[in-house]
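Asks: Fold the following.
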Amino acid sequence: MTDQATAEPEAAEDQYNEILYDVSDRVATITLNMPDKRNRLSYRIRRDIIAALRAAERDDDVTVILIRANGPSFCAGYDLSPSDNPTPPTEKARYYRDDDSRPEGWVSSPHFDDWTDQWARSCVRDWMNIWTLLKPVVAMVHGHCVAGGTELMSMCDIVFVADDARIGYPPMRGMTTPDVPYFPWKMSMAHAKYLQLTGNSVTGAEAARMGWVAKSFPIEDLERETMRELRAISSIPVALLSANKQSVNQAYEIQGMRTHFDQSWSWHQLSGTVRPEADEFARRLQEGGLKAALAWRDGAFQEEGFI
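Replies: A predicted model of the protein is given here:
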C-alpha cells in the first residue's frame, strides 16, 4: 500500500501553466502550449517541462516520453522580449530580469552575479534532466526550431522532424556561444563547425542526412510515423530501455561530454559580456525592438540567401 504521507504527487493537467501533459498507451506526452508566442522558452515553460519529465519518470505506467508542440512552430528559442528592469541594456540584463519563476538552482548573489553566468548554467542544468532521466525522451519537431529550441530538441534521446522544418541557431551570429554546446556531440566536426560558426539553419531533411536527428518525414506523415515508432518503442521493457540509454550516455561521458557542458558557461559569459560589442544586440533590442535587432544580426546572411 502506498504511504499517502510520503507519496509523490501525481501529475495533473491543471498544475502546468504553459504545457499540456497526458499519458496514454505507455506514452507520456508533453505538449508545448504557447502557440501564439511560438512556444518561446520562458522560465515558466522550462519549469513546467522539467516537472512533467520528472512526473513521467516516476509513473510506472509510462515507458517513453514524447515532447511535441502546438501551433505552427516547435519552439522559437529563449524569450528575447525586452525586460522591464531599468538595468542598462546589456546582454546580462536581458537574462537577469526579475522573475520569481527562475529555474531551480539559480544562485543570485553579489559574489557570483558578475561572472558565473547563472543563465547558461541554468540552461545546461535544465536540459541535462533529459540526459539523466531514466526513461527515453523523444522529440517530434515541426515548423521552426531555433536557438534554445534546438537545445531542448538536441538533448532528447531520439528526434523525428518534418522534412520542411527549419532548425538552427542564428543568435550565434551576434550574441553569444550556445548555452548548451551540443554541436560537436550531435554531428560531424565539419557540420558542427559550419553550423556553430555561421548560425545558419537547415531543413529537417538536411538535419536527418547529417545525423543531427534520427529521421525526417513529410509534414503530413510526421505524426503518424512518430506514433508508429513510439508504439514499437513502448513495447520494450522500460528497464531495458533505460539500461540501453545509460549505456550509450556513458560512452559520451567517457569522451568528456559532461565536462564540456559543465564548463560551457565560461565561453557564454566571455562572448556575452567581455567580448567587444557584446552588448550590441541587446542595445538594438532595447532601442529599436526585436525586428531591428534581428535585421542587424541576420541581414548579411539573408542577403546571401541563408536562413
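
Asks: Quick one: the strands in the chain, in order.
Replies: 19-24, 27-32, 64-69, 137-141, 144-146, 158-162, 166-168, 201-203, 215-217 (DSSP state E).

Asks: can you redo the ones you listed as JSON lines with mean neighbour count and mean pLDDT?
Replies: (Each C-beta comes from the backbone N, C-alpha and C, glycine too.) Converted to JSON lines, those look like this (neighbours: other C-beta atoms under 10 Å; pLDDT from 0 to 100):
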{"stretch": "strand 19-24", "mean neighbour count": "16", "mean pLDDT": "96"}
{"stretch": "strand 27-32", "mean neighbour count": "22", "mean pLDDT": "98"}
{"stretch": "strand 64-69", "mean neighbour count": "24", "mean pLDDT": "98"}
{"stretch": "strand 137-141", "mean neighbour count": "26", "mean pLDDT": "98"}
{"stretch": "strand 144-146", "mean neighbour count": "26", "mean pLDDT": "96"}
{"stretch": "strand 158-162", "mean neighbour count": "25", "mean pLDDT": "98"}
{"stretch": "strand 166-168", "mean neighbour count": "23", "mean pLDDT": "97"}
{"stretch": "strand 201-203", "mean neighbour count": "19", "mean pLDDT": "97"}
{"stretch": "strand 215-217", "mean neighbour count": "21", "mean pLDDT": "98"}
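
Asks: Tell me which of the ones you listed lies nearest to residue 176.
Replies: Nearest of the strands of the chain to residue 176, taken as C-beta to C-beta: strand 144-146 at 14.3 Å.

Asks: And the closest one, what does it pack against?
Replies: Judged by 3 or more C-beta pairs under 8 Å, 6 or more residues apart in numbering; DSSP states H and E, strand 144-146 is in contact with strand 166-168.

Asks: Mind listing the strands the strand it packs on pairs with, and their directions?
Replies: Sheet pairing for strand 166-168, assigned by DSSP bridges, gives strand 144-146 (parallel), strand 201-203 (antiparallel).

Asks: Distance from the chain centre to the first one, please.
Replies: Counting by C-alpha atoms, centre = their mean, to the nearest Å, strand 144-146 is centred 10 Å from the centre of its parent chain.

Asks: Give me the residue ranges of the stretch 51-200 of the chain where confidence is low.
Replies: Low-confidence segments of the stretch 51-200 of the chain, defined by pLDDT under 70, span residues 80-101.

Asks: for this structure, what spans make up the helices?
Replies: Along the chain, counting by DSSP state H, helices occupy 43-57, 91-95, 118-132, 148-155, 183-186, 189-198, 204-209, 222-233, 238-254, 257-269, 280-288, 290-303.

Asks: Out of the ones you listed, which gets nearest to residue 172?
Replies: helix 189-198 (6.1 Å).
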